[in-house]
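In: Model the structure of this input:
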Amino acid sequence: MRKEKTTKKPYKNPDKVVVGLAASELRKESQAASGIQKIIPAARLEFIFALIIALSGFFLYLNTIFNEYAVDDLAVIRENRFTKQGIAGIPVLLRTFYWEGYWNNNSGIYRPLSMVTFAIEWEFFPDNPHAGHLTNILLYTLTGFLLFKVLRRLMSGYDILLPFFISLLFIAHPVHTEAVANIKSRDEILCLLFFLLAMDNLLRFSDSGKKWWLLMAVMSYFLCLLAKESAVSFLLIFPLLLLFFRDIRPKKIFVQILPFIAAVAVYFIIRIIILGIHTAGKEYTYLDNALVAAPDLMSRLATAFVMLGKYLKLLVFPHPLSYDYSFLEVPFVDWTSYRAIVPLLIYISAFTFAVRSLLARDKNIFAFGILFYLLSIAVVANVFLLIGCTMADRFLYIPSLGFCMIMVYALFRIFPAKNSHQKKSGIGQSLLNYRWVSLITLAIFVSWSIKTVARNRDWKNNITLFISDAAASPGSARVRTNSGSAILKSYDKDDPDKEKQAGILNKAIGEFEAAIKIDPDDKMAYLDLGSASYMKMEYPRAIENLRTAIRLNPGDPKAYSALGNSYYRMHDFDNAILNLTKCIDLNFSSSETYNFLGGSYFGKGDYPNAVKAYLKAIDLEPKNTELCTNLGSVYGSMGDYLKAIEYFRRANTLSPGNSQILGLISMTFQNLGNHDSAEFYHIMAAKIQQK
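Out: Residues are numbered from 1 along each chain as shown. Below is the predicted model of the structure:
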């Protein structure tokens with residue numbers, strides 16, 4: 001299926017669309033399309049097709065509206081101090097690096113556009129993830145609508161079913177779930193949306209010569225850069241658009257691309273001002289990108305190509321999907337591994353074919369789709385430079401468009417039009433002529449749609465995501481740790497079904513142990529394993545793992561808190577006090593920490609310090625019955641019976657009808673010599689116990 005040679009202005013104000021192949025293709029294929037073509041008003045047909053794509057995107061992700069925040073949503077929205085300022089925070093977001101509202105470590109990333117949208121949402125819908133999910137869905141819907149319109153303008157010399165089927169498969173591809181279902185990944189959606197606008201406006205300028213469209217194209221591209229810095233690679237896609245789909249001399253193309261180069265220069269000037277001229281951004285570790293830990297450069301590159309092969313596999317067969325492919329989901333290999341060699345050969349062959357087609361001026365969609373894919377994935381491939389992530393489903397969001405172009409165009413070439421003898425016309429006949437293309441496209445669309453809708457449910461929240469993806473990325477230490485943490489959160493010590501709760505603890509412990517086996521330096525796995533062992537009342541094991549967590553991360557107050565609690569349970573009050581005090585020194589002021597600190601001092605007979613600790617705990621949580629009871633017990637042990645009765649009575653007010661507290665009040669009155677009151681509370685306690 002060869003593209004018809006275009007005129008200088010092939011899409012200037014067309015008022016009709018031919019359903020079926022272009023006229024030259026009809027001649028070349030002996031009228032293989034549908035005989036007499038039916039003429040349909042272009043605007044109506046194109047609007048219907050674009051609407052079908054848009055509505056498909058909307059309904060595919062409709063079930064994400066009631067999802068919660070997940071993974072990095074917390075860092076850019078809920079726990080971001082600038083985002084939570086609403087509209088007032090926008091000026092700060094425009095002059096700070098990407099994560100600055102969450103942490104102070106310069107990430108080397110400047111993406112203000114999505115952050116601004118998060119701030120606007122917070123202004124009107126504070127702490128409301130549903131508004132964020134709806135915005136993502138609407139932006140994705142708009143992207144689908146615009147995608148078909150742009151592809152139709154781009155491929156005006158081809159059958160209208162070609163851009164329609166490309167758009168249909170793109171909008172349903174399951175690798176997009178992270179980009180749409182995770183609010184944080186709006187930067188991906190905005191990047192493609194404004195890139196499509198830039199493409200559309202550039203084509204309008206090329207077809208009409210009106211400079212207004214060029215200005216709009218450059219402005220759209222600048223917004224694309226503000227959405228995500230990887231849009232820099234699109235600078236090479238713009239001339240390819242004109243080379244493949246418009247008859248323009250290379251010299252003139254270069255002149256038209258100059259304003260886009262200027263936009264990139266302006267972006268980098270702003271970026272340098274914001275991030276600092278001498279900073280290269282955050283220095284990545286193997287926790288950010290597993291390839292940092294590769295034994296040498298050659299194995300790093302070989303493993304990177306294994307990941308590029310995995311990307312191809314996910315494009316063809318998008319299962320299983322995962323939110324994380326970090327250390328060591330993809331094991332390191334060298335160039336003796338076929339897992340590296342095969343993808344390398346595929347990529348080299350594809351690139352060679354595309355370049356040869358370009359040099360030979362063979363303007364086919366295969367070559368353009370290959371170059372689009374290669375250019376858009378190059379910046380995240382970890383081949384030319386290491387980025388802050390090993391690999392991710394969201395990285396395929398834009399490259400998948402090139403893949404869909406290649407796949408659909410291949411179907412049209414493999415299954416050319418049938419029934420050339422038919423004299424009927426219309427879109428129905430055109431679909432019949434391409435029945436195999438239509439049926440295969442429909443089958444893929446349905447299967448991908450089912451996968452997409454199902455995958456959306458995994459993104460409900462962190463717990464559902466972490467547990468589901470443990471099976472998808474069993475080799476990732478981070479995934480196994482997060483899975484164990486999610487399982488651990490479901491533990492309920494008050495549940496009467498002790499066997500069930502023991503099973504939960506054992507399952508969580510199994511995940512932590514798996515994570516440590518993958519990464520012996522996984523400090524979070526040791527911390528959570530210590531916590532799980534504590535809940536299981538295996539205190540020596542808890543102490544062992546928590547001490548390791550502190551060795552790996554001496555500044556984590558949570559580890560000191562858990563270790564102090566464990567020592568308390570072992571009646572090692574000196575070590576308990578030492579670690580709990582260290583926790584407090586690290587500005588971790590928890591009522592639980594002060595409670596255990598008070599108990600440790602009480603165990604040593606240091607009543608004055610026990611009182612101080614319990615008073616601080618009550619300041620943090622004044623309505624805690626246990627704290628008031630514990631403080632009353634300390635005062636009772638000190639012989640200050642009036643203070644003891646005061647806090648016992650406060651505890652009784654907070655939890656009326658507690659026979660144990662009533663018994664303590666009775667005993668304290670007895671020590672005071674007030675036998676009548678002692679008898680009164682004793683009788684009350686006895687009546688409650690009888691019930």
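In: For the residue nearest to Asn382 when sequence neighbours are not counted, give me the pLDDT.
Out: Leaving aside its sequence neighbours, Asn382 sits nearest to Ala304 (CB to CB, 6 or more residues apart in numbering; 4.5 Å). The C-beta positions use only the backbone N, C-alpha and C, and glycine is treated the same way. On the pLDDT scale, Ala304 is placed at 98.
In: And the one helix or strand Ala304 maps to, what's buried?
Out: The secondary structure element spanning Ala304 is helix 297-316 (assigned by DSSP states H and E). When neighbours are counted by 16 or more other CB atoms under 10 Å, the buried residues of helix 297-316 are found to be 299-312, 314-315.
In: list the contacts for the spatially most central residue of the chain?
Out: Computing the C-alpha centroid of the chain and ranking residues by CA atoms, centre = their mean puts Asn182 first, at 4.9 Å. With contacts defined as CB atoms under 8 Å, 6 or more residues apart in numbering, the neighbours of Asn182 are 70-73, 323, 394, 459.
In: what's the spacing between it and Glu538?
Out: Separation of Asn182 from Glu538 (CB to CB, to the nearest Å) stands at 36 Å.
In: show me where pLDDT drops low in the stretch 401-550 of the chain?
Out: Per-residue confidence of the stretch 401-550 of the chain (counting by pLDDT under 70) places the weak regions at 419-426, 428-429.
In: Please enumerate the helices of it.
Out: 427-433, 435-458, 462-469, 477-489, 498-518, 523-535, 539-552 (DSSP state H, counting those that start in this stretch).
In: One more: the stretch 151-300 of the chain?
Out: Along the stretch 151-300 of the chain, the stretches classed as helices by DSSP H, counting those that start in this stretch are 161-172, 177-181, 186-208, 211-227, 237-245, 250-275, 297-316.
In: could I get the ones you listed as a markdown table with distance to Ile618?
Out: As requested, the helices of the stretch 151-300 of the chain are arranged in a markdown table below (distance: least, CB to CB, whole Å):
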| stretch | distance to Ile618 |
| --- | --- |
| helix 161-172 | 57 |
| helix 177-181 | 43 |
| helix 186-208 | 44 |
| helix 211-227 | 49 |
| helix 237-245 | 64 |
| helix 250-275 | 46 |
| helix 297-316 | 54 |
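In: Contact partners for Thr390?
Out: Shown here is Thr390, whose contacts under the criterion CB under 8 Å, 6+ apart are 289-291, 307, 325-327, 329-330, 382.
In: Looking at the residues you listed, spot the one nearest Ile166.
Out: Using CB to CB, Met307 is the member of those that lies nearest Ile166, at 25.4 Å.
In: Am I right that the closest one is in contact with Met391?
Out: Yes - A contact is recorded between Met307 and Met391 when judged using CB atoms under 8 Å, the distance being 4.7 Å.
In: what touches both of these two?
Out: When contacts are counted by CB under 8 Å, 6+ apart, Met307 and Met391 have 325, 330, 382 as shared neighbours.
In: between these, which is closest to Arg249?
Out: Out of the shared contacts of Met307 and Met391, the one with the shortest distance to Arg249 is Asn382. That distance is 36.9 Å, counting by CB to CB.
In: count of residues packed around that closest one?
Out: Asn382: 23 surrounding residues under other CB atoms under 10 Å.
In: ok but it is inside a strand, no?
Out: No - checked against DSSP: H, G, I helix; E, B strand; the rest coil, Asn382 lies outside a strand; its state is coil.
In: mind pulling up the phi and psi values for it?
Out: With angles defined as degrees, to the nearest 10, Asn382 shows backbone torsions of phi 60, psi 30.
In: Return the residues in contact with it.
Out: Taking CB under 8 Å, 6+ apart, we find Asn382 in contact with 289, 291, 300, 304, 307, 390-391.
In: Just the closest of those to Phe588, please.
Out: Comparing the contacts of Asn382 against Phe588 with CB to CB picks out Asn289 as the nearest, at 30.0 Å.
In: With Thr452 as the reference, measure out to that closest one.
Out: When distances are taken as CB to CB, Asn289 and Thr452 turn out to be 28 Å apart.
In: Over to Ile120?
Out: Taken as CB to CB, the spacing of Ile120 relative to Thr452 amounts to 27 Å.
In: In terms of neighbours, single out the busier of these two.
Out: For Ile120 against Thr452, the residue with the higher neighbour count under other CB under 10 Å is Thr452, and the figures read 24 against 17.
In: ok now do the more buried one, which residues does it touch?
Out: For Thr452, the contacting residues are 60-61, 172-174, 176-177, by CB under 8 Å, 6+ apart.
In: Near Leu344, how many other residues are there?
Out: Neighbour count of Leu344, defined by other CB under 10 Å: 17.
In: got the buried residues for the helix or strand it falls within?
Out: When elements are defined using DSSP H and E, Leu344 is found to belong to helix 338-359. Buried residues in helix 338-359, counted by 16+ other CB under 10 Å: 339-341, 343-344, 347, 350, 354, 357-358.
In: Need those in TSV (columns: pLDDT and distance to Phe148).
Out: Conversion of the buried residues of helix 338-359 to TSV gives the following (pLDDT from 0 to 100; distance: CB to CB, whole Å):
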residue	pLDDT	distance to Phe148
Arg339	98	37
Ala340	98	37
Ile341	98	38
Pro343	98	31
Leu344	98	34
Tyr347	98	29
Ala350	97	25
Ala354	96	24
Ser357	92	25
Leu358	90	26
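In: Kindly indicate which of those residues lies nearest Tyr110.
Out: The shortest gap between Tyr110 and any of the buried residues of helix 338-359 belongs to Tyr347, at 29.5 Å (CB to CB).
In: right, and the closest one touches Leu308 too?
Out: Yes - the pair Tyr347 and Leu308 qualifies as a contact (CB under 8 Å) at a distance of 6.4 Å.
In: buried residues in stretch 197-213?
Out: In terms of neighbour count (16+ other CB under 10 Å), stretch 197-213 has its buried residues at 197-207, 213.
In: One more: stretch 620-635?
Out: Taking 16+ other CB under 10 Å as the neighbour-count basis, stretch 620-635 is seen to contain the buried residues 624, 627-635.
In: try stretch 47-54
Out: By neighbour count with 16+ other CB under 10 Å, stretch 47-54 contains the buried residues 49-50, 52-54.
In: Minimum distance to Ile518: which of the helices of the stretch 151-300 of the chain has it?
Out: Shortest separation from Ile518 across the helices of the stretch 151-300 of the chain is recorded for helix 297-316, at 15.5 Å, computed as CB to CB.
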